[in-house]
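Novice: Kindly generate the corresponding structure for this input.
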Amino acid sequence: MKKISILLTLCMGLCSCGASVSTSDSEDFPVKILTYNIEGPSAPKAGSIGYWPNRKEQVIRLIDKGGFDLIGTQETSREMLNDIVKALPKYKWIGSYRSSSSSVNAILYQPERFELQESGHFYYSPTPDIDYTYDPEDPQKKDLNCIWARFRDKKSGIVFYHFNTHLHAYYTEPLRDTLRCRDARLLKQRIASIAGKNFTVCTGDFNCSEAFYSNKTGELVHEAHPGYVELTKGGVLVDTRGLAAIKINEKEGSLPGWLVTGTTSHDRKYDHIFVSSLASGKYGVTRYEVITESAEMTHHGTTTTVTPLKDVKNGDKFTANFSDHRPITATVIFRP
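Specialist: Coordinates of the predicted model:
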């Protein structure tokens, strides 16, 4: 398998019966994890609501305020990642590219706390170790990938893995579910073969949701999508949301779009933080949160291309989310 030599390094067991959940971390070493699809492809477009200069300060402030130890990002660009670590030099990043969109799956980490020992990546294709390959049934030929890293926590001495990924998105049924389930199976196989019994976290935009219940009525809107069922089948990946002692905004969707702020009522919780049940020890998950922050921003480009903002010009104010996705965070403790 290709290791860190093929990566860009610019700028710089648990089961449902064995989960360990704690509300106190006084004698532990908690790791605060963030997963965030920051939406990079629209960053160069000055007429877009997602134009990076519009929201760069807000994204950086959110990350800095959150005090995250590890961050998995999806759909970021090199420019965005370099801006983040320039503003927040406590972080470094490693990432793997998609040639189909020039976006990067990246892991940001704090080298003062974590020693990066090894890293690599693979693609969701029949030849996962060959760069920029894709599933032959994907009509859009997206070379989706997963980056992974092995770290040693300098505080606790524990060695663990972080996988960060992006699965297939919008297609007609049943192709949509077929591709995502195939992705999920490969991901679980690679976690088992690479990380084995070591502690493992997995962040990403998985483009599939767990069972969704209405915020208003509490009634079941839909069962879990097949891709999510496959991810959590077989006792490899467990969602931190279900393990957390404290849950904030747990019923909120993670894909509200740019302009839907505040409480949502839709079912698109496509972003997740998992842990691997193959670990020989146990996890504590003290907190889980869907971050719903939005803010007033100044438009630094031309007229936006989003219809509700079509008359917003350079220098005008507008209120929006910092991405079309919401960030999700979980605080995890590794217990040997």
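Novice: Where does pLDDT dip in this structure?
Specialist: Low-confidence segments of the chain (pLDDT under 70): 1-27, 265-267.
Novice: burial count for Val290?
Specialist: The tally of other residues near Val290 (other Cβ atoms under 10 Å) stands at 21. To be clear about C-beta, it is placed using only N, CA and C from the backbone, and glycine gets the same treatment.
Novice: Beta-bridge partners for it, please?
Specialist: Ile328 (DSSP bridges).
Novice: Test my guess that it contacts Ile328.
Specialist: Yes - using Cβ atoms under 8 Å, Val290 makes contact with Ile328 at a distance of 5.5 Å.
Novice: As a check, name the ranges of all strands in the stretch 1-150 of the chain.
Specialist: For the stretch 1-150 of the chain, the strands defined by DSSP state E, counting those that start in this stretch occupy 31-37, 70-76, 92-97, 104-109, 114-123, 145-153.
Novice: Could you export the first one as PDB, CA atoms only?
Specialist: Right, the one you point to is strand 31-37. Extracted C-alpha coordinates of strand 31-37, given in PDB (Å, rounded to 0.1, in the frame of the first residue of the first chain):
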ATOM      1  CA  VAL A  31      -9.800  13.900  22.200                       C
ATOM      2  CA  LYS A  32     -12.100  16.500  20.700                       C
ATOM      3  CA  ILE A  33     -12.900  15.500  17.100                       C
ATOM      4  CA  LEU A  34     -14.600  17.500  14.400                       C
ATOM      5  CA  THR A  35     -15.900  16.400  11.000                       C
ATOM      6  CA  TYR A  36     -16.700  19.200   8.500                       C
ATOM      7  CA  ASN A  37     -17.500  19.300   4.800                       C
END
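Novice: Ser96: neighbour count?
Specialist: If you count neighbours by other Cβ under 10 Å, Ser96 ends up with 26.
Novice: coming back round to it: what touches both of Val290 and Ile328?
Specialist: Counting by Cβ atoms under 8 Å, 6 or more residues apart in numbering, the contacts common to Val290 and Ile328 are Ser254.
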